[in-house]
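Engineer: I'd like to go over a predicted model; first the sequence, then the structure.
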Amino acid sequence: MPLFSQSSKVYAPDELEAMRRCFSIAAIMLEESGREYDESHLAETIIKLYDGGLRDMEKWAELAARLAEKHANEFLNADLDNANWSKTG
């Protein structure tokens, strides 16, 4: 989790540990359900939610997983749209 290592200058050790734990829980949720996600985006989402005041680990991890999945789906759909456009354009 390199992004959390870079954040070590900004956050206290217990905050980083909470972020790492949240990342692990969210990643397990995504992987067990076979959903696609980007690790960097998941980590960024976790930090944004933490900065927004979310601390309940269960809600935090679930929301982060949902947002990461949504981002991955939007990215894949954009690639498909671009591929379809290039075929017709």
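Structural biologist: Cool, got the structure. The structure presented is a predicted model; accordingly, all values stated were derived computationally and were not measured.
Engineer: quick check: which ranges of the chain have low pLDDT?
Structural biologist: 1-3, 6-7, 72-89 (pLDDT under 70).
Engineer: centroid-nearest residue for it?
Structural biologist: Nearest to the mean C-alpha position of the chain, by CA atoms, centre = their mean, lies Leu42 at 1.3 Å.
Engineer: skipping adjacent residues, who's closest to it in space?
Structural biologist: Here the nearest residue to Leu42 in space, its sequence neighbours aside, is Ala68; by CB to CB, 6 or more residues apart in numbering that works out to 4.1 Å. To be clear about C-beta, it is placed using only N, CA and C from the backbone, and glycine gets the same treatment.
Engineer: let me see the contact set for the residue nearest to the centre of the chain.
Structural biologist: By CB atoms under 8 Å, 6 or more residues apart in numbering, the contact set of Leu42 is Phe23, Ala26, Ala27, Leu30, Ala64, Ala65, Ala68.
Engineer: how far away is it from His71?
Structural biologist: 9 Å (CB to CB, to the nearest Å).
Engineer: where along the protein do the helices fall?
Structural biologist: Under the criterion DSSP state H, the chain contains helices at 2-6, 13-32, 39-51, 57-88.
Engineer: can you say which of the ones you listed is packed in most?
Structural biologist: helix 39-51 (a mean of 19; mean count of other CB atoms under 10 Å).
Engineer: now do that one against helix 13-32, angle only.
Structural biologist: Helix 39-51 runs at 130 degrees relative to helix 13-32, counting by axes from the mean of the first three to the mean of the last three CA atoms, to 10 degrees.
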